[in-house]
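>>> sequence? don't have it. structure:
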């Protein structure tokens, strides 16, 4: 009996029944019909007046009345519903009666279904069952197979005639794994008579003896005594997943070993499915490539270590904390300290560091530490050598590491160069003072040779000899007062200009009396020597920057200006040493001097940068001269880039030519780039 926990208002219950899409009648326990819904009236083509208040048996044919009456009485006694096929107003229907309660009252509810519709639905269901792509099996209440569709025949390889009428355990495709899997359905479809909650993988053997796997689902039907088995063939999918799992495990183990640095492990291609072999092959290739890359990195590291260790330039490597983690032989050589005395200490803690060292290094740290970029220029760094003397490095720093946390210090020893420059300044100052005194008529002064460095002592000796000669000649010509005054005047004028820094003025020998001509010649030689010392680069014999800018200030000049810079000169110094770099500069300077004319200015501006000024020379002739020099340099195995500009000699013209030279480097080096305000910019 079904009890309905609504209130006792039958009208509310009728509203619910009215909305149901099946034909329903409600009668009291005496069989009197009290309500039919619209579906009922439409099914039997009847009105309320023709049915309400009548006994339900009156609508059945005579042979059905007793059977229905007994069934209704049984329904009232045990509360169970029943289903019978009857004819109502000669229409064959399937009637289902059920005892219900509304409030405290009992009623008999009847649901009618047209049997012809049921047969149509059965044919439709049979068509769906037979033609479903899913494998389907129907069992009866004794668990025998009563229906098998074509999809199950296809999956198993067995015909339905080989399967129908047998229980599961007697089926030819069943294995122990099949029984074990299907037992999982037992608690739901067999014991509880409800549909299974999940799909279950059911393995079996097809007619060829090969395993196939169904992803199956079971639902009970016919009061839960029979079972409908529905499944799809997932054999390939499960094989794919199994192969995938094996491949992932095997490839994963290889990748794990590779991640730990073991690159000897390889994917065993025979142990994984065909579809994953390309992945295995690619992984093996990747591991082989990584191995080769590691070997290259190791070789490169060894090469870089060799270059670092054997570089002629002093080199240091500092970590992010500023500790010295690497020192090369050149730094040991320059400083006198061995690397064990220097490693793992910060710069302020080093035995070679002084306050002057830190002050100078801060100019590099502004770029490398604060801005994480390489320094814009070299800086002179003074260090304290082990023997207590001073070492001066012309140094450069660049950041290294992923975020520029470390630093690479590179430097060349310029101690002798700076000592030379200092001695030169002292000599010029001392010689200038002596010459100025001589020009003032004080011939008692002498050059103090003890305070003059060795390389300048010959000049000092010449000056002293000159003073001695002058004094001797003065004493000799005192008798010849007129000639003496004339000579002194001429000498004085020349010496005055020399003392003022103008070494272009020479003694006019023709104006001197014969007895003073040798003195004039000696004085001219001395001035020429001093002029050469002050205006000529000591390494290349080219004019130096100071002399060139003096020429610029004399008068307005127009002509062509050639700027050349050696390509890869730093590489030559770093690889072969500064001695080779110096010889390379000398070779290029000699070629330049041999291919310029009287009146042309050949200047070493600094480093490996050389300037040629060709007065009153048009751009075409300048290009010819530059090309000739470039070819001659190239024949010596040296490469240089040229920039050419024409116009008034000025800082602006130098800057334009310098820019053109850098353009030549950018377009491939060993090239000439030309600028002329009268023509468009072009490169050769």
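Yep, that arrived. Note that the coordinates shown come from a computational prediction; the quantities given were computed from them, not determined experimentally. Numbers count the residues shown, from 1 in each chain.
>>> Can you spell out which residues form a bridge with residue 136?
residue 230 (DSSP bridges).
>>> chain center to stretch 436-452, what's the gap?
Its chain's C-alpha centre and that of stretch 436-452 lie 70 Å apart, by Cα atoms, centre = their mean, to the nearest Å.
>>> start to end distance for it?
Between the opening and closing residues of stretch 436-452 lies a distance of 17 Å (Cα to Cα, to the nearest Å).
>>> Only the buried residues of that stretch, if you could.
Of all the residues in stretch 436-452, those buried under the rule 16 or more other Cβ atoms under 10 Å are 436, 437, 438, 439, 445, 447, 452. Quick note: C-beta positions are derived from backbone N, CA and C, even for glycine.
>>> Next one, pLDDT for the nearest residue to the last one once chain neighbours are set aside please.
For residue 452, ignoring the flanking residues on the chain, the nearest one in space by Cβ to Cβ, 6 or more residues apart in numbering is residue 460 at 4.8 Å. The predicted local distance difference test score for residue 460 is 86.
>>> quick one, what contacts residue 460?
427, 430, 431, 447, 448, 449, 452 (Cβ atoms under 8 Å, 6 or more residues apart in numbering).
>>> and if you look at residue 400?
317, 406, 407, 408.
>>> any idea which of those has the most stuff around it?
residue 407 (23 neighbours; other Cβ atoms under 10 Å).
>>> Tell me how far that residue lies from residue 349.
16 Å (Cβ to Cβ, to the nearest Å).
>>> Also residue 365?
Using Cβ to Cβ, residue 365 is found at 16 Å from residue 349.
>>> which of the two has more neighbours?
Applying other Cβ under 10 Å to residue 365 and residue 349 shows that residue 365 carries more neighbours, namely 16 against 12.
>>> now for the host helix or strand of residue 655, which elements pack on it?
Following DSSP states H and E, one finds residue 655 within helix 651-666. Here helix 651-666 touches strand 558-566, strand 640-648, strand 672-676, strand 679-683, going by 3 or more Cβ pairs under 8 Å, 6 or more residues apart in numbering; DSSP states H and E.
>>> Let's see that with 10 Å instead.
Under the contact definition 3 or more Cβ pairs under 10 Å, 6 or more residues apart in numbering; DSSP states H and E, helix 651-666 sits against helix 545-554, strand 558-566, strand 609-615, strand 640-648, strand 672-676, strand 679-683.
>>> Turn the ones you listed into a markdown table, including mean neighbour count and mean pLDDT.
Formatted as a markdown table, the helices and strands packed on helix 651-666 follow (neighbours: other Cβ atoms under 10 Å; pLDDT from 0 to 100):
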| stretch | mean neighbour count | mean pLDDT |
| --- | --- | --- |
| helix 545-554 | 14 | 81 |
| strand 558-566 | 24 | 94 |
| strand 609-615 | 22 | 94 |
| strand 640-648 | 24 | 95 |
| strand 672-676 | 23 | 88 |
| strand 679-683 | 12 | 46 |
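>>> Dump these to CSV, plus distance to residue 143.
Output for these, formatted as CSV (distance: least, Cβ to Cβ, whole Å):
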stretch, distance to residue 143
helix 545-554, 111
strand 558-566, 99
strand 609-615, 103
strand 640-648, 97
strand 672-676, 98
strand 679-683, 96
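>>> what's the closest of the ones you listed to residue 150?
strand 679-683 (82.4 Å; Cβ to Cβ).
>>> So which bits of the top helix by length along the chain are buried?
Secondary structure of the chain per DSSP state H: the longest helix is helix 277-310. Buried positions in helix 277-310, judged by neighbour count with 16+ other Cβ under 10 Å: 280, 283, 284, 287, 308.
>>> ok, the third one - contacts?
Counting by Cβ atoms under 10 Å, 6 or more residues apart in numbering, residue 284 touches 254, 265, 266, 267, 268, 269.
>>> And for the first one?
Residues in contact with residue 280, defined by Cβ under 10 Å, 6+ apart, are 247, 250, 251, 254, 266, 267, 268, 269, 270, 271, 272, 273.
>>> How about it, nearest residue that isn't a chain neighbour?
residue 267 (3.7 Å).
>>> about what we covered before: what is the nearest of the buried residues of helix 277-310 to residue 168?
Of the buried residues of helix 277-310, the one sitting nearest to residue 168 (Cβ to Cβ) turns out to be residue 280, at 41.7 Å.
>>> Do you know the pLDDT at that closest one?
Value listed for residue 280 in the pLDDT field: 83.
>>> Tell me how many other residues crowd residue 217.
19.
>>> about what we covered before: mind putting the contacts of residue 284 in JSON lines, secondary structure and distance to residue 596 included?
As requested, the contacts of residue 284 are exported to JSON lines (DSSP: H, G, I helix; E, B strand; the rest coil; distance: Cβ to Cβ, whole Å):
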{"residue": "254", "secondary structure": "helix", "distance to residue 596": "70"}
{"residue": "265", "secondary structure": "coil", "distance to residue 596": "69"}
{"residue": "266", "secondary structure": "coil", "distance to residue 596": "68"}
{"residue": "267", "secondary structure": "coil", "distance to residue 596": "70"}
{"residue": "268", "secondary structure": "coil", "distance to residue 596": "75"}
{"residue": "269", "secondary structure": "helix", "distance to residue 596": "72"}
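>>> Selection in PyMOL covering whichever of these are buried, please.
Typed into PyMOL, the line below selects the buried ones among the contacts of residue 284, using 16+ other Cβ under 10 Å:
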select buried, resi 254+267
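>>> what's the closest of the contacts of residue 284 to residue 126?
Of these, the one sitting nearest to residue 126 (Cβ to Cβ) turns out to be residue 269, at 50.6 Å.
>>> Surely residue 43 touches residue 59?
No - look at residue 43 against residue 59 with Cβ atoms under 10 Å: they stay out of range, at 11.8 Å.
>>> can you map out the strands along the stretch 201-350 of the chain?
211-221, 226-233, 314-318, 324-327 (DSSP state E, counting those that start in this stretch).
>>> which residues touch residue 505?
Applying Cβ under 10 Å, 6+ apart, we find residue 505 in contact with 493, 494, 495, 496, 497, 498, 524, 527.
>>> Give the helix, strand or coil label for it.
Assigned by DSSP: H, G, I helix; E, B strand; the rest coil, the conformation of residue 505 is coil.
>>> Please report phi then psi for it.
The phi and psi values for residue 505, taken as degrees, to the nearest 10, are phi -80, psi 130.
>>> now it: how far from residue 513?
20 Å.
>>> The helix holding residue 655: which residues count as buried?
653, 654, 656, 657, 658, 659, 660, 661, 663, 664, 665.
>>> same thing with stretch 496-511?
496, 497, 498, 499, 503, 506, 507.
>>> what does stretch 465-485 give?
Those would be 466, 467, 470, 473, 474, 477, 484, for stretch 465-485 by 16+ other Cβ under 10 Å.
>>> quick one, helices of the stretch 451-600 of the chain?
Shown for the stretch 451-600 of the chain, the helices assigned by DSSP state H, counting those that start in this stretch span residues 457-477, 481-499, 514-535, 545-554, 569-576, 578-594.
>>> The longest one packs against which elements?
What it means is helix 514-535. helix 415-439, helix 457-477, helix 481-499, strand 543-544, helix 545-554.
>>> I'd like these laid out as a markdown table, including distance to residue 575.
Output for the helices and strands packed on helix 514-535, formatted as a markdown table (distance: least, Cβ to Cβ, whole Å):
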| stretch | distance to residue 575 |
| --- | --- |
| helix 415-439 | 21 |
| helix 457-477 | 37 |
| helix 481-499 | 44 |
| strand 543-544 | 27 |
| helix 545-554 | 28 |
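>>> just to revisit the earlier point, widest-spaced pair of the buried residues of stretch 436-452?
439 and 452 (19.8 Å).
>>> By mean pLDDT, point me to the weakest helix or strand of the chain.
Of all helical and strand segments in the chain, the minimum by mean pLDDT, DSSP states H and E falls on strand 2-4, at a mean of 31.
>>> Identify the residues contacting the nearest residue to residue 414 once chain neighbours are set aside.
Excluding its sequence neighbours, the residue lying closest to residue 414 (Cβ to Cβ, 6+ apart) is residue 394, at 4.5 Å. Residue 394 is in contact with 313, 377-381, 410-415, 417-418, counting by Cβ under 10 Å, 6+ apart.
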